[in-house]
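**Student:** next comes the sequence, and after it the predicted model I'd like to discuss.
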Amino acid sequence: MRGKQRRQEKAGMDERIAIVGAGAAGVITAAWLTGKGHKVILCDSKEQCREDFAVIARKGIVVKGPGLISGLCPDRMTYEIAEAMEARLVLVCVSSGRQEEAAAWMAPWVRPDHDLLLMPGNLGTVIFHRKFKEKGVTYGLLAELAECLWACRRLGPGSYVSAMPPGQRRIAAFPSTETGRALERFGKLFSLKAGASLVENCLNSPNVLTHLSGTLLNLGGIEQKKGDFALFTDGMSD
């Protein structure tokens, strides 16, 4: 049995994982998975990450944070979404404002054997499903996390910091009947538990709880600043 388990684990390591989105969350996820022995394809548009890819190609991913190894380089970095979609397992690490753009970019290359996970989701699976339906695309799994894996930011080109290791996160699929299968598929990569639904996941997202309440409590300050208001700088304190 141990020999069979080792063969299954090795097969999992050999499976390529695509990460679409090379912001702080995407790059740190690439560093973490690479450190675990996975073959990662990191992809984003040239406009988004040209400087970062150039630095990473020379120095590897310079990263600070618990559980992360600095100086590692993904198996491949590309600006071509077709190359990234060669992998069956696709992690989408883009902000909510880029989800529709990412779905349209990926749609021509999505196959029925693709399993996709949005990290985080913020109900982005609804956007992806709608866009894929418009394009007549059939996919395998479509799921999302309730929150980002990392409390992280970009320090400069190719340089990143994460405040804490990835804890357990809630996952939900679209449709919700697929959540169990999504948990089994992506639970091999991260510590996950099933969320009751996409809506529950979204409403319990730390971003929704902190950003919405913080914004409402700072309406006066936002008006006084006349558009020049930064929530975490101007609206919150220790």
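**Tutor:** Yep, that arrived.
**Student:** give the buried residues for stretch 227-235.
**Tutor:** Gly235 (16 or more other C-beta atoms under 10 Å). (C-beta placed from N, C-alpha, C; glycine too.)
**Student:** where in this protein is pLDDT low?
**Tutor:** 1-14, 206-209, 232, 238 (pLDDT under 70).
**Student:** break this structure down into its domains, please.
**Tutor:** 2-198, 205-238 (automatic domain parsing).
**Student:** return the most buried member of those domains.
**Tutor:** The highest average neighbour count among these, using mean count of other C-beta atoms under 10 Å, belongs to domain 2-198 at a mean of 18.
**Student:** report the beta-bridge partners for Leu72.
**Tutor:** Ile61 (DSSP bridges).
**Student:** which stretches in this protein count as strands?
**Tutor:** Using DSSP state E, the strands found in the chain span residues 16-20, 39-43, 62-64, 76-78, 89-92, 115-118, 141-145, 152-156, 159-162, 169-173, 192-194.
**Student:** JSON lines for the ones you listed, including distance to Arg98?
**Tutor:** Shown next, in JSON lines, are the strands of the chain (distance: least, C-beta to C-beta, whole Å):
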{"stretch": "strand 16-20", "distance to Arg98": "10"}
{"stretch": "strand 39-43", "distance to Arg98": "13"}
{"stretch": "strand 62-64", "distance to Arg98": "22"}
{"stretch": "strand 76-78", "distance to Arg98": "17"}
{"stretch": "strand 89-92", "distance to Arg98": "9"}
{"stretch": "strand 115-118", "distance to Arg98": "11"}
{"stretch": "strand 141-145", "distance to Arg98": "14"}
{"stretch": "strand 152-156", "distance to Arg98": "15"}
{"stretch": "strand 159-162", "distance to Arg98": "18"}
{"stretch": "strand 169-173", "distance to Arg98": "20"}
{"stretch": "strand 192-194", "distance to Arg98": "23"}
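**Student:** hmm, Lys39 and Arg16 touching each other?
**Tutor:** Yes - applying C-beta atoms under 8 Å, one finds Arg16 in contact with Lys39, separated by 4.7 Å.
**Student:** what's the overlap in contacts for the two?
**Tutor:** Here Arg16 and Lys39 have Asp75 as joint contacts, going by C-beta atoms under 8 Å, 6 or more residues apart in numbering.
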